[in-house]
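**Q** Here is a sequence together with a model predicted from it:
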Amino acid sequence: KMFKINDVSYKTKEIKENFSNINQKYFYKNEDLSMFGKYKNIIKQIITELTYSQIEEYEKKYNLRPGMGLAFPQLGINERIIVVVYEYDDGKFEEYVVINPKIISYSDEMIAADAGEGCLSVNRDVDGHVKRHARITVEGFDIDGNKIKIRAREELAIAFQHEVDHLNGILFYDRIDKNK
């Protein structure tokens with residue numbers, strides 16, 4: 001049976017309260033990361049569902065809402081972990097799991113998703129666009145504790161910024177540019 005990630009919608013107040021607890025959490029150091037191995041099965045399930053949600057046949061078959069990423073707080077797990085599954089070519093996906101992600105650099109150029117952003121935690125359409133950096137570099141650790149650095153651009157950069165915002169208690173609609 002599939003893990004019901006797409007059922008992660010909470011009331012807005014509950015989301016904000018859950019995320020504010022994370023801000024109290026420390027940033028992990030490399031030696032602290034061994035404890036995250038316990039999440040490997042959950043991460044596999046997240047990757048499967050995010051991948052399936054981006055394939056129209058499976059999206060319909062399993063009644064999934066399309067999604068590119070998920071932050072652990074969306075599942076009620078107060079850890080600084082994000083998962084992003086990016087379809088870089090038709091039917092070809094890259095998977096990213098980042099513990100303690102930090103955006104260490106970004107471009108001055110700003111972009112927004114044409115159709116606006118959505119979120120698996122928000123069960124409704126929200127009009128408006130979120131301006132995000134067109135290119136970013138994210139640093140963090142993989143599930144085995146290895147330091148990683150990811151350069152992302154355009155759609156992938158938007159997804160990383162969206163998920164890192166979750167870790168910092170920000171939902172996409174908090175950043176909507178009402179003037180676009």
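**A** Good, I have the coordinates. Computed from a predicted model, the values in this text were never measured in an experiment.
**Q** Surely residue 115 is in a helix?
**A** No. The assignment for residue 115 is coil, going by DSSP: H, G, I helix; E, B strand; the rest coil, so no helix is present there.
**Q** What pLDDT is listed against it?
**A** The per-residue pLDDT reported for residue 115 equals 86.
**Q** Just give the number of residues close to it.
**A** Applying other Cβ atoms under 10 Å, we find 8 other residues in the vicinity of residue 115. Placement of C-beta: from N, CA and C, glycine included.
**Q** mind checking how far it is from residue 158?
**A** Between residue 115 and residue 158 the computed distance is 11 Å (Cβ to Cβ, to the nearest Å).
**Q** just the helices in the chain please.
**A** 12-22, 40-53, 56-61, 154-167 (DSSP state H).
**Q** OK, contacts around residue 95?
**A** By Cβ atoms under 8 Å, 6 or more residues apart in numbering, residue 95 lies in contact with 47, 51, 83, 84, 85, 86.
**Q** What is the burial count for the second one?
**A** A total of 18 residues lie near residue 51 under the criterion other Cβ under 10 Å.
**Q** so what strands line up beside the longest strand seen in the chain?
**A** Ordering each strand of the chain by length in residues (DSSP state E) puts strand 92-106 first. Take DSSP bridges as the rule and strand 92-106 pairs in its sheet with strand 81-89 (antiparallel), strand 135-141 (antiparallel).
**Q** Could you work out which of those strands reaches nearest to residue 122?
**A** Among the strands paired with strand 92-106, strand 81-89 comes nearest to residue 122, with 16.9 Å by Cβ to Cβ.
**Q** buried residues in the closest one?
**A** The neighbour-count check on strand 81-89 (16 or more other Cβ atoms under 10 Å) flags 81, 82, 83, 84, 85, 86, 87 as buried.
**Q** and what of stretch 136-154?
**A** Applying a neighbour-count criterion of 16+ other Cβ under 10 Å, the buried positions in stretch 136-154 are 136, 137, 138, 140, 141, 143, 145, 150, 152.
**Q** Between all of the residues you listed, which two are separated the most?
**A** Of all pairs drawn from these, the greatest distance, 22.6 Å, lies between 136 and 145 (Cβ to Cβ).
**Q** Return the closest of the contacts of residue 95 with respect to residue 97.
**A** Once Cβ to Cβ is applied, the member of these that ends up nearest residue 97 is residue 83, at 5.3 Å.
**Q** Would you check that the closest one makes contact with residue 45?
**A** No. Assessed by Cβ atoms under 8 Å, residue 83 is found out of contact with residue 45, at 9.9 Å.
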